[in-house]
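*Asks:* Predicted structure and sequence below. I'll ask about it afterward.
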Amino acid sequence: ADFNYGADEYDAEGNEEPKALPEGSETMPYIDESPTMSPQLSARGQDSGDGVSPTPADGLGTGGERDAGKGLEMRKLVLSGFLASEEIYINQLEALLLPMKPLKATATTSQPVLTLQQIETIFYKIQDIYEIHKEFYDSLCPKVQQWDSNVTMGHLFQKLASQLGVYKAFVDNYKIALETAEKCSQSNYQFQKISEELKVKGPKDSKESHTSVTMEALLYKPIDRVTRSTLVLHDLLKHTPADHPDYPLLQDALRISQNFLSSINEDIDPRRTAVTTPKGETRQLVKDGFLVELSEGSRKLRHVFLFTDVLLCAKLKKTAVGKHQQYDCKWYVPLADLVFPSPEESEHCPQVHVIPDHELEDMKMKISAIKSEVQKEKANKGQSRAIERLKKKMFENEFWLLLNSPAIPFRIHNRNGKSYLFLLSSDYERSEWREAIQKLQKKDLQAFVLSSVELQVLTGSCFKLRTVHNIPVTSNKDDDESPGLYGFLHVIVHSAKGFKQSANLYCTLEVDSFGYFVSKAKTRVFRDTTEPQWNEEFEIELEGSQSLRILCYEKCYDKTKLNKDNNEIVDKIMGKGQIQLDPQAVQTKNWHMDVIEMNGIKVEFSMKFTSRDMSLKRTPSKKQTGVFGVKISVVTKRERSKVPYIVRQCVEEVEKRGIEEVGIYRISGVATDIQALKAVFDANNKDILVMLSDMDINAIAGTLKLYFRELPEPLLTDRLYPAFMEGIALSDPAAKENCMMHLLRSLPDPNLITFLFLLEHLKRVAEKEPINKMSLHNLATVFGPTLLRPSEGESKTHLTLASDIWSHDVMAQVQVLLYYLQHPPISFSELKRNTLYFSTDV
């Protein structure tokens, strides 16, 4: 998957509008951002409602959206964004034209840099395109500035579309222009200097006055622009009432643009080819991306290139500043020799060393803390040096996470003997790579060996052909790119239809977090059916997420295929699909229903999103008869117990049959089961024990977590929260011990007794860590933020950023619980006996 399309040395438009959808989503036109490829553009049909659609075709919902005022506002927003990018585009064209006059002036002298013919070829039609867009911009700008319901601008777009013939001439000449520029650069040092650093003016309100861009990158911009304009026409039409005078004009402009795009797509080469295959056919790049390879026992980040007939694994060479970057080929496998070993064949392959979860969680917290610091520095207009230092640190930490979190093996075997092992964090991606390779293998392929020169040429072409330019980490994102969503996504997977025959079916959900995709939830297996009805709800934590993926599997019960390797997924993927998490569409209180179509299968699901600050709100229960949302002192008094019945029963059940369950307390239970248990405990139903003994253990663990999360105030209380935060920050061990014990003593008795009861239980769970993979640190990460949170007033003062809460506070909350978990046993009576005089004002 192409996580991040910002071209490192090419991108002059760091402040251009964010991309609409990720590549791979069916509604996105193919925009190839790599400057040296032949232009490949495509129109998005007006009937793009089918396929993977982030929102229904008619916008973001019902009545209110079609309200004229809202539509007017949306049109202005679309146009303002387009105007800003149009200004950048005009500046780019200006930068291209700047050297043209002096070059022409020298062409007639005795020492020309370029001939007139070469100048004509390289700068063909740029002046005309510049004039068309300058006139368009100058006409549209005042209209947007004096925006009201009477403003019309459809005629401007219609005129712009009618001048697309100039672009046709530019596209036809594009390849020759690039080749001429490249040849001239090689033969003339003066021109090489000019073309490597063209100065592009920054936007009016930008701090940056200029950015340096290569000529090659700028020559690609007009090609990209046509597609952008077509997308804007789509958006404008969506928010323009059919009876508005602009509507028919915009429709006409869209029709012309789409016809133009489809006509030039037929004429041009879809990809700039590297070298030829043994049969003399052109070898084309089909897919590329960053993958982690397990090589000689250590993890290495590789850039993998899939060509028509060969898979090439490369790494970027370290080069001196100003030198052209190059790839170094680590190995290649001709597709004719490439096989995927079956699980039983891969037993002799190296075992994957999996990094403990708590180390990954620690790193995520560190990254979030640095993110907060960067934001604070920016808000306080901090020194750019300090910001750069923080960003460098963040990149190093994110790089570590990218390298160490993948654990799903993707094995590749060369028939001639050597095997290779990649590790991925997403089965979706593994399946995409596998499918792309298998599709190419259906063709009649020949085995071959590349000579060292051929290998050099092919590896040399990788840098220009690549479509993924940046390592997929969030620190590579531009400041104006969407930071993604932070909070909780509630997803109900309803059902699926379209299966040809009965099977045992289940779904998994993946979201991107910290730049890469991870699996977050899994439905139960629905046995022997063509129409599974799961109706299961999941709560997924989002950490800067922008997309949701759903994979549908057929469960494999064949014992011979089940591998010893925990992370090997042998179940068959029946279909997969992805949707964009559009903040406007998702951030409503209501459920948003959607369908993902995959491989002829339709999966129905609903989702809604709760931001982090909303999820902090604890709403006391209206009725004081139940247990959820009711003060712990009220419940224990009513039950005449020291520890609430719900806590005792859930703990007992987990210790009876869940203490060896892998990921207990970390893996989500099914939300519908948890809600059923909640209702039974609230009603004090006599069937509780029967129900508990039949229920999935992860649902019981989830019910216990939900109980603590829904307390009207956290178990360790709002009042003592600041003191806990200060106590854990003390560096003197004796002072810390004194303070932390005193704080426990300051808790109300029901809170303290329940906390000590839970503490002992969690220690017993951690004793089984070799089996259940849940260390004290893992358990502290799960329970810390639930038992200890800032009060609403406190969190409001903290929350400058959605991701802020995920930084220092959460780290400290985890550390507080970890402190008590690692402490020798603490008894209630001893605590009360040793009352030390110690102020809570640390």
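*Replies:* Yep, that arrived.
*Asks:* First-to-last residue distance for stretch 198-216?
*Replies:* 10 Å (CA to CA, to the nearest Å).
*Asks:* per-residue confidence averaged over that stretch?
*Replies:* Stretch 198-216 shows a mean pLDDT of 79 in the predicted model.
*Asks:* Can you name the residues bridging to the closest residue to residue 531 other than its chain neighbours?
*Replies:* Counting by CB to CB, 6 or more residues apart in numbering, residue 531 lies nearest to residue 497, which is 5.1 Å off, once chain neighbours are set aside. All C-beta atoms are positioned from the backbone trio N, CA, C, and that covers glycine. With DSSP bridges applied, residue 497 shows beta-bridge pairing to residue 602.
*Asks:* Next up, the contacts around residue 497.
*Replies:* Contact partners of residue 497, counting by CB atoms under 8 Å, 6 or more residues apart in numbering, are 530, 531, 601, 602.
*Asks:* who's in contact with the last one?
*Replies:* Just to be clear, that refers to residue 602. If you count contacts by CB under 8 Å, 6+ apart, residue 602 has them with 496, 497, 498, 595, 596.
*Asks:* and the closest residue to the third one other than its chain neighbours, how far is that from residue 448?
*Replies:* Translated: residue 498. The shortest distance from residue 498 to any non-neighbouring residue, by CB to CB, 6+ apart, is to residue 601 (4.1 Å). Separation of residue 601 from residue 448 (CB to CB, to the nearest Å) stands at 38 Å.
*Asks:* Just send the contacts of residue 497 back as JSON lines, with pLDDT and distance to residue 542 too.
*Replies:* What follows is these, written out as JSON lines (pLDDT from 0 to 100; distance: CB to CB, whole Å):
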{"residue": "530", "pLDDT": "93", "distance to residue 542": "33"}
{"residue": "531", "pLDDT": "93", "distance to residue 542": "30"}
{"residue": "601", "pLDDT": "92", "distance to residue 542": "25"}
{"residue": "602", "pLDDT": "93", "distance to residue 542": "25"}
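*Asks:* Now do the phi/psi pair for residue 424.
*Replies:* Residue 424 has phi and psi values of phi -120, psi 160 when expressed as degrees, to the nearest 10.
*Asks:* I misspoke; the intended subject was residue 317.
*Replies:* Dihedral angles (degrees, to the nearest 10) for residue 317: phi -70, psi 150.
*Asks:* Tell me which helix or strand the residue nearest in space to the middle of the chain sits in.
*Replies:* Closest to where the C-alpha atoms of the chain average out (CA atoms, centre = their mean) is residue 512, at 3.3 Å. Under the criterion of DSSP states H and E, residue 512 resides in strand 503-513.
*Asks:* and if you look at residue 112?
*Replies:* Assigned by DSSP H and E, residue 112 falls within no helix or strand.
*Asks:* Contact partners for the closest residue to it other than its chain neighbours?
*Replies:* The shortest distance from residue 112 to any non-neighbouring residue, by CB to CB, 6+ apart, is to residue 106 (5.2 Å). Listed by CB under 8 Å, 6+ apart, the contact set of residue 106 reads 112, 113, 114.
*Asks:* ok, now how distant is residue 106 from residue 117?
*Replies:* Look at residue 106 and residue 117: by CB to CB, they are 14 Å apart.
*Asks:* Please apply the same query to residue 626.
*Replies:* For residue 626, the distance to residue 117 equals 85 Å [CB to CB].
*Asks:* between these two, who's got more neighbours?
*Replies:* Neighbour count, other CB atoms under 10 Å: between residue 626 and residue 117, residue 626 has more, with 17 against 10.
*Asks:* circling back to that earlier point, specify the local secondary structure of the residue nearest to residue 112.
*Replies:* Here residue 106 is recorded as helix under DSSP: H, G, I helix; E, B strand; the rest coil.
*Asks:* and the gap between it and residue 660?
*Replies:* Note on residue 106: its distance to residue 660, by CB to CB, is 80 Å.
*Asks:* Enumerate every residue touching the closest residue to residue 485 other than its chain neighbours.
*Replies:* Among residues not flanking residue 485 along the chain, residue 542 sits closest, at 4.7 Å (CB to CB, 6+ apart). Shown in contact with residue 542 (CB under 8 Å, 6+ apart): 484, 485, 486, 487, 488, 489, 511, 513, 581, 609.
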